[in-house]
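Novice: sharing a model that was predicted from the sequence below.
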Amino acid sequence: MSYQSMPKVELHLHLEGAAPPAFIAGLAKEKNIDISGIFDETGGYAFRDFEHFLSVYEAACTTLTGPEEFYRLTKAVLEESASHGVVYSETFVSPDFCGGGDVAAWREYLAAMEMAADEAERDLGITLRGVVTCIRHFGPEQAKTAAKCAVETKGKFITGYGMAGAEMVGRPGDYSYSFDMAREAGLHLTCHAGEWGGPDMIADTIRDLGVARIGHGINAIKDPALVAQIADSGIVLEVCPGSNVVLNASGGWADHPIKKLRDAGVNVTISTDDPPFFHTTMTAEFNNLAETFGWDDDDFRALNATALAAAFCDDETRAKVARKLEAT
Ligand code: ADE
Ligand code: ZN
């Protein structure tokens with residue numbers, strides 16, 4: 001049985017990280033940019049480990065030079081997501097890769113993404129919202145610039161603020177100014193933590209950044225008291241098992257902590273992170289979880305409901321997506 005056709009909600013998808021390698025290779029050719037070193041012999045992305053993954057990712061981003069590229073990228077990504085039954089998706093978008101933090105340029109990139117999202121909603125029935133994301137290893141000052149972009153463009157499309165990048169750079173509190181700015185503007189908050197960092201990194205992220213969701217959060221499993229705290233608080237984990245397995249952030253599928261976290265009462269959700277990098281899709285994630293843990297339709301309905309309840313969207317959008325989930 002394949003879960004391809006089941007309607008799905010995805011909360012953790014990096015827009016640039018969802019770019020198919022052939023799409024990036026095509027842009028590189030058009031623009032005469034030599035990034036041949038980031039591809040393997042089959043044309044896929046090639047990386048050794050997480051650090052190398054980040055540098056391959058940033059090299060791929062050098063081809064995304066203007067709003068038109070982001071229009072095309074958003075279209076391609078939403079077509080792929082919709083083909084896997086995704087009816088609501090949230091994507092991380094970074095001003096650092098869209099005009100370098102200049103608010104006027106950022107507005108133009110955003111308008112292009114939003115146009116593609118509106119067309120996909122009309123034609124494919126998939127709803128997209130954007131979470132402005134700072135890059136941790138670019139430092140706290142650039143995070144403030146990203147937060148300013150988020151605050152200035154908060155609206156129907158941009159609904160959240162978050163942080164990705166190299167988790168072991170600095171401490172969460174170094175970034176509290178930008179998260180405070182975003183919170184005061186009414187943006188919803190999420191932050192990658194506990195993908196590489198231990199329970200202390202997750203605890204500090206919750207305490208110092210006041211997030212409602214954690215990207216990954218899998219290393220919480222190493223501290224039962226933290227697991228209980230997360231379960232009690234209702235904080236939601238955006239778990240990306242296929243990403244964790246490929247990047248070696250967890251063991252293999254059988255050792256992945258998502259089941260233990262869920263069984264302990266943590267609100268877990270399922271996402272793909274950067275699907276072409278990890279050779280995954282939402283269908284593959286659901287199929288692998290079904291195969292590994294015996295999860296069935298009822299489990300996946302419950303996981304979708306958890307994700308929708310935690311989505312950074314208004315109630316009207318939530319109700320509209322809920323009707324799509326209930327229709328099956
Ligand atoms: N940016 C894209 N994918 C990421 C990941 N898995 N962790 C941190 N930053 C990222
Ligand atoms: Zn991520």
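Specialist: Perfect, I can see it now. Ligands and ions are numbered 1, 2, ... in the order given.
Novice: pairing partners for the closest residue to ligand 1 within the stretch 151-300 of the chain in the sheet, please.
Specialist: Ranking the residues of the stretch 151-300 of the chain by distance to ligand 1 (Cβ to the nearest ligand atom) places residue 164 first, at 3.6 Å. Every residue, glycine included, has its C-beta placed from N, CA and C. Here residue 164 shows beta-bridge partners residue 135, assigned using DSSP bridges.
Novice: what's the neighbour count on it?
Specialist: Neighbouring residues of residue 164 were enumerated by other Cβ atoms under 10 Å; the total is 25.
Novice: wait, doesn't it sit right on residue 14?
Specialist: Yes - taking Cβ atoms under 8 Å as the contact criterion, residue 164 and residue 14 are neighbours in contact, 6.7 Å apart.
Novice: intersection of neighbour lists for those two?
Specialist: 92, 133 (Cβ atoms under 8 Å, 6 or more residues apart in numbering).
Novice: residue numbers of this structure in contact with ligand 1?
Specialist: By Cβ under 6 Å from any ligand atom, the residues of the chain that approach ligand 1 are 14, 17, 57, 164, 165, 192, 195, 243, 273, 274.
Novice: if we go to 8 Å?
Specialist: Taking Cβ under 8 Å from any ligand atom, the part of the chain that reaches ligand 1 is made up of 14, 16-17, 50, 53-54, 57, 92, 135-136, 164-167, 192, 195-196, 215-216, 240, 243, 247, 249, 273-274, 277.
Novice: which helices and strands does the longest helix belonging to the chain pack with?
Specialist: Using DSSP state H, we find that the single longest helix of the chain is helix 103-124. Counting contacts by 3 or more Cβ pairs under 8 Å, 6 or more residues apart in numbering; DSSP states H and E, helix 103-124 packs against helix 67-83, strand 86-93, strand 127-135, helix 140-153.
Novice: now do the last one: distance to the chain's middle.
Specialist: Same thing as helix 140-153. 18 Å (Cα atoms, centre = their mean, to the nearest Å).
Novice: and the second one, by the same measure?
Specialist: Its chain's C-alpha centre lies 8 Å from the corresponding centre of strand 86-93 when counted by Cα atoms, centre = their mean.
Novice: direction included, what does that strand pair up with?
Specialist: Counting by DSSP bridges, strand 86-93 is paired with strand 8-14 (parallel), strand 127-135 (parallel).
Novice: give the buried residues for the helix or strand following the shortest one.
Specialist: Remark: after strand 8-14, the chain's next helix or strand is helix 21-31, criterion DSSP states H and E. Taking 16 or more other Cβ atoms under 10 Å as the basis for neighbour counts, the residues of helix 21-31 that come out buried are 21, 23, 24, 25, 27, 28.
Novice: for helix 21-31, name the packing helices and strands.
Specialist: In this structure, helix 21-31 packs against helix 67-83, with contacts taken as 3+ Cβ pairs under 8 Å, 6+ apart.
Novice: all set, thanks.
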